[in-house]
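**Q** predicted model, plus sequence, below.
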There are 2 protein chains.
Amino acid sequence: MTRKVAVIAAGQTPYGTLGKSIKSLFVEAFDDLITSADKELDIQLIQEAYIGNLGVGGAQLGNPAALLVEQCGMPDIPARRVENACASSGYAFRDAYRAIKNGADLVLAGGVEVMNDLVSSHQRYWLGVSGDTEWERLAGATFAGIYALMARRHMHEYGTPREALAACAVKNHKNAVHNPYAQFRKEITMDRVLSAPEVAPPLGLFDCCPTSDGASAVLLASEEFAKKYSEQPVWVLGSGASSDFLAIHDRDSITSLTATKKAVRSALEEANLEISNIDFAEVHDCFTIAELLALEDLGFFEKGKASEAILEGETQLDGSIPINPSGGLKAKGHPLGATGTGQIVEIWKQLRGSAGKRQVTDATTALAHNVGGSGATCAVHIFRRDD
Amino acid sequence: MTRKVAVIAAGQTPYGTLGKSIKSLFVEAFDDLITSADKELDIQLIQEAYIGNLGVGGAQLGNPAALLVEQCGMPDIPARRVENACASSGYAFRDAYRAIKNGADLVLAGGVEVMNDLVSSHQRYWLGVSGDTEWERLAGATFAGIYALMARRHMHEYGTPREALAACAVKNHKNAVHNPYAQFRKEITMDRVLSAPEVAPPLGLFDCCPTSDGASAVLLASEEFAKKYSEQPVWVLGSGASSDFLAIHDRDSITSLTATKKAVRSALEEANLEISNIDFAEVHDCFTIAELLALEDLGFFEKGKASEAILEGETQLDGSIPINPSGGLKAKGHPLGATGTGQIVEIWKQLRGSAGKRQVTDATTALAHNVGGSGATCAVHIFRRDD
């Protein structure tokens, strides 16, 4: 259990409405990964691949992993699709991490999604498939609707102001301005969020992440390979994951994601750290309420206290705990299967000091939080750069 | 790398046209698994789950793994869907094996598929998704058609007689008569196979596996837990996996599956065995030609020599190398995502001497061979009982 694991290269496509196939997108992310490496990498040394994909769009609904590694020039490495809705590549990363722990030297984890080749009614249908089909989707519950229930209840229990939700969107758009890979690179005002068309009250248009195409990929390495091929490896200190009831009516609470709480506990234990050791985090803000819940469930703030911290600017880029410097799902975009490893691409850049104008200052330790469905699955990973 | 891994419980549903949901089926397989254990198992000790599913049928197209572990009474363990077409649960098993190697003590691997809730035109569509979408499916190539190309070419190159293919089906039906979990428990004659309606010549109706519903599950354990909870653990000696080009026109040969050759080589290396040490095998006979190719690519017979061996009865239950004592995909059935771990359920029973009238005599070492698509993915595992 003593093998160390590092991320030694990371790449992604821009997120957006791209009009490309999963093949094109994944190869583009892989090429970006190869370019990112400190030293020339022989891709024939890559031993295995784990690829997150929900399969929302067309193109290749079965066996996509073999197709994608083939397109990257590695037609014979063992590859599989890992699917846990929006947490697909968070889990792909977890399993790739284990492959290195278990003796491999170079393993690829990534994800890809094409969503914009579907008409909007089909997009809604597909997004619904990550909730409980029998009790939620077939009853007409959309994802925005489910998160709206959580938001309403959180407001009721803790007096959470509507503005605290809106502030997450405003902050994430502000961060994304400086991210060339982000889908929305423009600021929005609090007024604009509050006066936007309602989607599922209290959530309006700007409380919801967009529909995105995109791909991301990271290369994990053993300590030996990390030292050989990287001048600034980003070490993986801990991996935690958990599940929860798929339908929210089965859960004890809808103002907290139990899977997040359990996943972060495992990850911190493995890393031998406290949450206060984390310098910044990429969290799963598919809706603004999801970012607020993450802040509390991860332990950055006590239950019911995140809204105050948000409104005081503590989660801003220059705050006490910067959240989503990339722009988050809200503004960077959310190509479902690509999101988990996409968060890690951002952390890799930040911890190597190459995040440009969105750079978090003096960050050594970071956390990635990836949620599937409305909290049925969650994967948390913790990273640190060398001092 | 020294941690040993065992299978300590294994269960499945019967395969067939069952009219049940993935939830019902997976719980049924899990209950069968729990019943199979030598000592009472506290399911709360199970730490993680890997579940193969292609998602052919309806029910739950995204995030099914969380739903399935929830239904089994373990709502919070990390679980993910692993998808590699028909090799989904072979890969789920590989990743579960690694989780134990990496420090876990009890991990569930399984699979489930519902196929018969679709009308037949949709079944054909869904099966096609495991081939290359752009070059094969959209051009009208069915899976039977692709395997027929392989059969034709094998006949051309090696003079393989049509009867050698038919003999695989006859033998597998004969074995399945004694398997209470098999979809088809009746013998067929060589004449009947040869005179059956053509599906894709030279393949006829009885050269093709059926459309099946079903689920299977196996419980993997560390050495410590295996000794505590099992009187007859079945040890996992090696895991091998590989990929290949998705579309067959990209491959060097269509009379051989390169992914099978590479996967078996890795598995044997890890197990420190030769293929001649294997006493029997469950191989991926989605079509009769697939069984013949497996016999050669796994190394049981030289290229071009399997047909002679088949016709001489060497793969029969009492032959030199019994193949598919369960009845194989052909007669036991092929619920895509369930097939890989379903093969391991059979091996577990055989190696514990509990296979009844289909028992392979004096078997200590066995191999499971699971293929995705037309050979784009393959997982091979090797098992041994204590002497």
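**A** Arrived safely. Numbering: from 1, shown residues only, chains lettered A, B, ... in the order given.
**Q** get me the contact residues on the stretch 151-300 of chain A for chain B.
**A** Residues of the stretch 151-300 of chain A that fall close to chain B, judged by CB under 8 Å from any CB of the partner chain: A:241, A:242, A:243, A:244, A:245, A:246, A:250, A:258, A:259, A:262, A:263. For every residue, glycine as well, the C-beta is placed using N, CA and C.
**Q** and with 7 Å instead?
**A** Selection of the stretch 151-300 of chain A residues close to chain B by CB under 7 Å from any CB of the partner chain yields A:241, A:242, A:243, A:244, A:245, A:246, A:258, A:262.
**Q** quick one: residues contacting the fourth one.
**A** Taking CB atoms under 7 Å, 6 or more residues apart in numbering or on different chains, we find residue A:244 in contact with A:251, A:257, A:258, A:259, A:375, A:376, B:75, B:76.
**Q** nearest to chain B, of the residues of the stretch 151-300 of chain A next to chain B?
**A** Closest approach to chain B among these (CB to the nearest CB): residue A:241, at 3.5 Å.
**Q** which stretches of chain A have low pLDDT?
**A** Within chain A, the ranges that satisfy pLDDT under 70 run A:1, A:56-58, A:123-127.
**Q** residue nearest the centroid of it?
**A** residue A:340 (3.6 Å; CA atoms, centre = their mean).
**Q** which element is it on?
**A** Assigned by DSSP states H and E, residue A:340 falls within helix A:336-351.
**Q** who does the following helix or strand past that helix pair up with?
**A** Scanning forward in sequence from helix A:336-351 by DSSP H and E, the next helix or strand is strand A:365-372. According to DSSP bridges, strand A:365-372 forms sheet pairs with strand A:280-282 (parallel), strand A:377-385 (antiparallel).
**Q** TSV for those, including mean neighbour count?
**A** Converted to TSV, the strands paired with strand A:365-372 look like this (neighbours: other CB atoms under 10 Å in any protein chain shown):
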stretch	mean neighbour count
strand A:280-282	27
strand A:377-385	27
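**Q** of all those, which one comes closest to residue A:20?
**A** Nearest to residue A:20 among these is strand A:280-282; the distance by CB to CB comes to 24.1 Å.
**Q** let me see the residues that make contact with the closest one.
**A** A:298, A:321-326, A:343, A:346-347, A:350, A:360, A:363, A:366-369.
**Q** try stretch A:303-310
**A** In contact with stretch A:303-310 (CB under 7 Å, 6+ apart) are residues A:158, A:160, A:161, A:164, A:167, A:168, A:256, A:292, A:295, A:296, A:301, A:315.
**Q** quick one, helices of the stretch 201-350 of chain A?
**A** With DSSP state H, counting those that start in this stretch, the ranges of helices along the stretch 201-350 of chain A come out as A:223-229, A:258-271, A:288-297, A:306-311, A:328-331, A:336-351.
**Q** need those in a markdown table (columns: distance to residue A:80).
**A** A markdown table is the format used below for the helices of the stretch 201-350 of chain A (distance: least, CB to CB, whole Å):
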| stretch | distance to residue A:80 |
| --- | --- |
| helix A:223-229 | 22 |
| helix A:258-271 | 22 |
| helix A:288-297 | 28 |
| helix A:306-311 | 37 |
| helix A:328-331 | 25 |
| helix A:336-351 | 13 |
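**Q** looking at the ones you listed, spot the one closest to residue A:129.
**A** helix A:336-351 (10.6 Å).
**Q** is the closest one up against chain B anywhere?
**A** No - Helix A:336-351 lies out of reach of chain B by CB under 7 Å from any CB, never closer than 8.6 Å.
**Q** sorry, back to before: so the residue nearest to the centre of chain A makes contact with residue A:89?
**A** Yes - with contacts defined as CB atoms under 7 Å, residue A:340 counts as touching residue A:89 at a distance of 3.5 Å.
**Q** separation between residue A:226 and residue B:144?
**A** Distance, residue A:226 to residue B:144, by CB to CB, to the nearest Å: 47 Å.
**Q** of all of the stretch 251-387 of chain A, which residue lies closest to chain B?
**A** Residue nearest to chain B within the stretch 251-387 of chain A (CB to the nearest CB): residue A:376, separated by 4.0 Å.
**Q** so residue A:358 sits against residue A:318, correct?
**A** No - Residue A:358 lies out of contact with residue A:318 (CB under 7 Å); the separation is 11.0 Å.
**Q** who has more neighbours, these two?
**A** Remark: of residue A:358 and residue A:318, residue A:358 carries more neighbours, 21 against 9, as counted by other CB atoms under 10 Å in any protein chain shown.
**Q** with adjacent residues omitted, what lies nearest to that one?
**A** residue A:178 (4.0 Å; CB to CB, 6 or more residues apart in numbering or on different chains).
**Q** residues near that neighbour, how many?
**A** 17.
**Q** the one 4 residues further on now?
**A** Neighbouring residues of residue A:182 were enumerated by other CB under 10 Å; the total is 24.
**Q** got the contact list for it?
**A** The contact partners of residue A:182, by CB under 7 Å, 6+ apart, come to A:15, A:176, A:327, A:331, A:332, A:333.
**Q** can you count the residues close to the closest residue to it other than its chain neighbours?
**A** Distances taken as CB to CB, 6+ apart put residue A:176 closest to residue A:182, at 3.8 Å, once the chain neighbours are dropped. Each residue near residue A:176 was counted by other CB under 10 Å, and the total is 27.
**Q** the one 10 residues further on too?
**A** For residue A:186, the tally of surrounding residues (other CB under 10 Å) stands at 10.
**Q** tell me if it really is in a helix.
**A** No - secondary structure of residue A:186 (DSSP: H, G, I helix; E, B strand; the rest coil): coil, not part of a helix.
**Q** who's in contact with it?
**A** By CB under 7 Å, 6+ apart, the contact list for residue A:186 reads A:173, A:177.
**Q** one step back: from what I can see the residue of the stretch 251-387 of chain A closest to chain B touches residue B:64, true?
**A** No - Residue A:376 is not in contact with residue B:64 according to CB under 7 Å; the separation is 9.9 Å.
**Q** between the two, who's got more neighbours?
**A** Remark: of residue A:376 and residue B:64, residue A:376 carries more neighbours, 34 against 29, as counted by other CB under 10 Å.
**Q** for residue A:223, which non-adjacent residue is spatially closest?
**A** residue A:4 (4.2 Å).
**Q** from chain B, how far off is the one you found?
**A** As judged by CB to the nearest CB, to the nearest Å, residue A:4 and chain B stand 13 Å apart.
**Q** shouldn't residue A:83 be in contact with residue B:81?
**A** Yes - using CB under 7 Å, residue A:83 makes contact with residue B:81 at a distance of 4.2 Å.
**Q** ranges for the helices of the stretch 1-150 of chain A?
**A** Using DSSP H, counting those that start in this stretch, helices in the stretch 1-150 of chain A cover A:22-36, A:64-71, A:88-101, A:120-128, A:143-158.
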